[in-house]
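Peer 1: coordinates only, sequence not included:
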């Protein structure tokens, strides 16, 4: 079936104005000012957006697809994410990972969850490993996992500057980075190390040391949660100047962190005129948001949702930042980092991952790989085990 989306105000993510978009076999077949001429024998479904905005689907590069948590006992383990929890947030591509619990939750579980979400219409990949070093793998090494397992594109989230980490040394981090980098060269995959940053006083010093003494490209080192405290964010901004992509977490408004919200962090990043292509935003969906005291005792527990992506997008637009400025942080920049050339944009040959944005800056329609998951605000597709 052909899907014709007419009279769309397209942001690709740059503004194109009113365009007509033809979708076929999960791809964008045409984007243009003139309505395409199609044979009457073809089955075509037409959706007239009447000037509503059409933007690329979000790429959430930090999701706990198998569930996170467990840091306050087994009862706090988060269940695996269901399809609609992801798609209704405007997310059409996800990268899954393991966190604190990389023992009872394994790369085997994660790869299976990725493949299941693919069957349900989502684009999905994952990292091997988790918080701790030596990292847990399926085939015996990070390099082998990335080379031999198609869904695996890097390693993470490896914890540093956090009391829950395995306190890795500089040499251990360098070894991980070299394995990921070489595997990326061998496969054309991202080949990055995705770092969880805690509130430890060492901040990003370990990554800076690695950059100073090694030949490994800066793009391999990818820190996340960099807006969790203010000194860490300033350090991350400086690190972006050395070529590292830094990732903000769309923490919910009541998270209680002593840092910047993603919206505030974006504003500061733009005001200081850092390289916009080096900034990304992710949700930490399915992960826990614990707060510990100086003795490592749990004080408060919250949980993250992929919905933070849609909320953050709306909040940024509501604050007056232009759509074409905001979109790359959730689309093109992420696709470039992860080496996903058919993601993060609206152009002929790209995957048909599309969002309809209403006048209130809310996500009203979600198309993933050419199929509507959400349309006119209504969830059309759910996972097998969702009610």
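Peer 2: The structure has been received and is ready for your questions. Computed from a prediction, not measured in an experiment: that's the story for all the values here.
Peer 1: Residue 364 against residue 376, yeah?
Peer 2: Yes. Between residue 364 and residue 376 there is a contact at 6.4 Å, judged by C-beta atoms under 8 Å. The way it works is simple: take the backbone N, C-alpha and C, and place the C-beta from them, glycine included.
Peer 1: Counting neighbours, go ahead and name the busier of those two.
Peer 2: residue 364 (19 against 11; other C-beta atoms under 10 Å).
Peer 1: how near is that one to residue 343?
Peer 2: Separation of residue 364 from residue 343 (C-beta to C-beta, to the nearest Å): 21 Å.
Peer 1: Pairing partners for the helix or strand bottoming out on mean pLDDT in the chain, with directions?
Peer 2: Least confident helix or strand of the chain, by mean pLDDT, DSSP states H and E, is strand 288-292 with a mean of 71. Applying DSSP bridges to the sheet, strand 288-292 is found paired with strand 298-303 (antiparallel).
Peer 1: now residue 328: how far from residue 281?
Peer 2: 10 Å.
Peer 1: Looking at these two now, which is surrounded by more residues?
Peer 2: residue 281 (31 against 22).
Peer 1: Do you have the strands of the stretch 151-300 of the chain handy? List them.
Peer 2: 152-160, 192-197, 221-224, 246-249, 279-282, 288-292, 298-303 (DSSP state E, counting those that start in this stretch).
Peer 1: and the next helix or strand after the last one, which residues are buried?
Peer 2: Next helix or strand after strand 298-303 toward the C-terminus (DSSP states H and E): helix 307-318. Across helix 307-318, burial judged by 16 or more other C-beta atoms under 10 Å covers 307, 308, 309, 310, 311, 312, 313, 314, 315, 316, 317.
Peer 1: now do stretch 163-178
Peer 2: For stretch 163-178, using 16+ other C-beta under 10 Å, the buried residues are 164, 165, 166, 168, 172, 173, 174, 176, 177, 178.
Peer 1: and that stretch, average pLDDT?
Peer 2: For stretch 163-178, the mean pLDDT works out to 96.
Peer 1: And the pLDDT at the closest residue to residue 11 other than its chain neighbours?
Peer 2: Nearest residue to residue 11 in three dimensions, chain neighbours excluded: residue 55, at 4.7 Å (C-beta to C-beta, 6 or more residues apart in numbering). pLDDT recorded at residue 55 is 98.
Peer 1: Could you report the distance from residue 89 to residue 318?
Peer 2: Relative to residue 318, and taking C-beta to C-beta, residue 89 is found at 17 Å.
Peer 1: Tell me the backbone dihedrals of residue 283, please.
Peer 2: For residue 283, the backbone dihedrals are phi -100, psi -30 (criterion: degrees, to the nearest 10).
Peer 1: on that earlier part again, adding pLDDT as columns, could you present the buried residues of helix 307-318 in JSON lines?
Peer 2: Output for the buried residues of helix 307-318, formatted as JSON lines (pLDDT from 0 to 100):
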{"residue": "307", "pLDDT": "96"}
{"residue": "308", "pLDDT": "96"}
{"residue": "309", "pLDDT": "97"}
{"residue": "310", "pLDDT": "97"}
{"residue": "311", "pLDDT": "97"}
{"residue": "312", "pLDDT": "97"}
{"residue": "313", "pLDDT": "98"}
{"residue": "314", "pLDDT": "97"}
{"residue": "315", "pLDDT": "97"}
{"residue": "316", "pLDDT": "97"}
{"residue": "317", "pLDDT": "98"}
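Peer 1: Point out where the chain drops to low pLDDT.
Peer 2: Within the chain, the stretches with pLDDT under 70 are 253-257, 290, 298, 301.
Peer 1: so where do the helices sit in it?
Peer 2: With helices called from DSSP state H, the chain shows them at 83-87, 107-119, 142-148, 170-187, 205-213, 230-240, 262-271, 307-318, 323-326, 332-338.
Peer 1: now those in CSV, with distance to residue 73?
Peer 2: Listed next are the helices of the chain as CSV, based on distance: least, C-beta to C-beta, whole Å:
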stretch, distance to residue 73
helix 83-87, 23
helix 107-119, 20
helix 142-148, 30
helix 170-187, 29
helix 205-213, 30
helix 230-240, 28
helix 262-271, 29
helix 307-318, 25
helix 323-326, 39
helix 332-338, 34
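Peer 1: Quick check: closest non-adjacent residue to residue 311.
Peer 2: Counting by C-beta to C-beta, 6+ apart, residue 311 lies nearest to residue 250, which is 7.0 Å off, once chain neighbours are set aside.
Peer 1: thinking the one you found is in contact with residue 309, fair?
Peer 2: Yes. Taking C-beta under 8 Å as the definition, residue 250 is a contact partner of residue 309 at 5.9 Å.
Peer 1: Mind listing the shared neighbours of the two?
Peer 2: 281, 282, 283 (C-beta atoms under 8 Å, 6 or more residues apart in numbering).
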